[in-house]
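Asks: Here is the input, now give the coordinates:
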Amino acid sequence: MLAVVVDPQAPGRLALREVDEPVPGPSEAVVQVRAISLNRGEVRRAQAAAPGWRPGWDLAGTVLQEATDGSGPRTGTRVVGLVNPGAWAERVPVRTGALAPLPQDVSFVQAATLPVAGLTALWALARGGLLLDKAVLVTGASGGVGHLACQLARQAGARVVGAVREASHAAIAREAGAGAVVVGEDLAAAGAHGPYDLILESVGSGSLSAALGLLAPDGVCVSFGASAGPDVTFNAQRFYATGGATLYGFLLFHEATRRSVSAGLARLAALVAAGQLRPHVDAEAPWDQIGRQAQRLLDRRLVGKIVLRVEGLP
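Replies: Down below sits the predicted model:
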């Protein structure tokens with residue numbers, strides 16, 4: 001079968017190559033993959049990974065072979081799933097605890113956006129507790145996680161402020177539910193709408209530094225990315241003098257050891273089916289464009305998600 005593998009000679013170091021068929025464990029179902037989505041973390045890792053490494057976290061498709069231990073969805077069920085790593089292939093074994101059935105109203109393209117971006121948004125917002133009437137700042141608000149987080153926070157009753165890098169991305173954040181949108185990674189304009197009970201921070205560098213100074217007493221800043229750079233300096237005195245402020249390091253696959261991936265995916269898919277959550281797909285293309293689309297992600301030249309349709313080569 002075909003799978004995406006690291007190839008140092010290919011565009012974006014990613015290419016389709018022939019690999020062995022999967023051998024599932026007892027609690028794994030084999031999924032015939034129909035759509036995958038790209039995330040910055042896996043694409044960045046591919047830039048330094050050894051030749052032959054197989055990336056990929058997000059997938060959507062149909063159960064080709066149900067788990068032999070009787071758990072999980074039955075053969076023929078449309079599903080969305082999370083794998084770490086190896087999701088970018090025609091057929092993938094997936095732990096049944098990381099699969100959820102898809103409502104008929106949810107397309108494979110929509111579903112493929114949900115595992116990493118959707119679960120990150122859902123579980124990062126949970127760090128803020130009850131969000132009704134709380135002030136929430138979302139950096140990278142036009143990105144895959146940020147766009148979904150704005151929608152979920154608004155539905156929870158929060159007063160949402162979105163931060164975007166470029167003015168041209170502001171409309172996307174507003175459409176997602178941000179009552180106010182600020183432009184620029186230094187967050188200079190965000191102070192006028194704070195202080196914040198919860199900040200979802202994915203930019204790093206000066207953005208994270210500024211965010212720590214915008215927390216309300218007992219506020220939480222959830223850091224889950226560093227697209228602008230990992231090194232941060234901040235005013236420690238201002239941070240601790242806020243009183244009870246917390247910086248929380250969010251790693252999705254660590255959270256997945258403590259929460260139900262299946263339940264989270266089912267919840268997100270149900271919201272999409274009800275029209276209450278609308279993933280924004282910046283680009284949809286066949287998966288033989290993996291290298292070019294991965295480079296777009298690395299260059300930060302998109303809003304929302306990139307989804308690739310898994311199709312056999314002619």
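
Asks: now the helices for the protein?
Replies: Taking DSSP state H as the test, the helices found in the chain are 40-46, 108-112, 119-126, 144-155, 170-175, 205-212, 236-241, 252-255, 261-273, 290-298.

Asks: in the fourth one, what's buried?
Replies: Put plainly, it is helix 144-155. Residues Gly144, Val145, Gly146, His147, Leu148, Ala149, Cys150, Gln151, Leu152, Ala153, Arg154 are the ones in helix 144-155 that count as buried (16 or more other C-beta atoms under 10 Å). (C-beta placed from N, C-alpha, C; glycine too.)

Asks: Show me what it is packed against.
Replies: helix 119-126, strand 135-139, strand 159-164, helix 170-175, strand 196-201 (3 or more C-beta pairs under 8 Å, 6 or more residues apart in numbering; DSSP states H and E).

Asks: Dump the helices of the chain to a markdown table, plus distance to Val23 and mean pLDDT.
Replies: Formatted as a markdown table, these follow (distance: least, C-beta to C-beta, whole Å; pLDDT from 0 to 100):
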| stretch | distance to Val23 | mean pLDDT |
| --- | --- | --- |
| helix 40-46 | 23 | 92 |
| helix 108-112 | 24 | 98 |
| helix 119-126 | 27 | 98 |
| helix 144-155 | 31 | 97 |
| helix 170-175 | 42 | 95 |
| helix 205-212 | 42 | 96 |
| helix 236-241 | 50 | 95 |
| helix 252-255 | 22 | 98 |
| helix 261-273 | 22 | 98 |
| helix 290-298 | 24 | 90 |
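
Asks: among these, which is nearest Ser27?
Replies: Across the helices of the chain, Ser27 has its closest neighbour in helix 261-273 (12.0 Å, C-beta to C-beta).

Asks: Enumerate the positions of that closest one that are buried.
Replies: For helix 261-273, the neighbour count (16+ other C-beta under 10 Å) marks Val261, Ser262, Gly264, Leu265, Ala266, Arg267, Leu268, Ala269, Ala270, Leu271, Val272 as buried.

Asks: what packs against that helix?
Replies: strand 78-82, strand 99-101, helix 108-112, helix 119-126.

Asks: Grab the nearest non-local neighbour of Ser223.
Replies: Spatial nearest neighbour of Ser223, chain neighbours left out: Glu201 (5.0 Å); criterion: C-beta to C-beta, 6 or more residues apart in numbering.

Asks: about what we covered before: now the helices and strands packed on helix 144-155 as TSV including distance to Phe239?
Replies: Putting the helices and strands packed on helix 144-155 into TSV (distance: least, C-beta to C-beta, whole Å) gives the following:
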stretch	distance to Phe239
helix 119-126	19
strand 135-139	15
strand 159-164	19
helix 170-175	26
strand 196-201	12
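
Asks: Determine which of those approaches Val281 most closely.
Replies: Evaluated with C-beta to C-beta, the helices and strands packed on helix 144-155 place helix 170-175 nearest to Val281, the distance being 11.8 Å.

Asks: Please enumerate residues in contact with the closest one?
Replies: Residues outside helix 170-175 that contact it (C-beta atoms under 8 Å, 6 or more residues apart in numbering) are 138, 141-142, 146-147, 150, 162, 164, 181, 183, 280, 303-304.

Asks: Drop anything exposed from those residues.
Replies: 138, 141-142, 146-147, 150, 162, 164, 181, 183, 280, 303-304.

Asks: Perfect, I'm done here.
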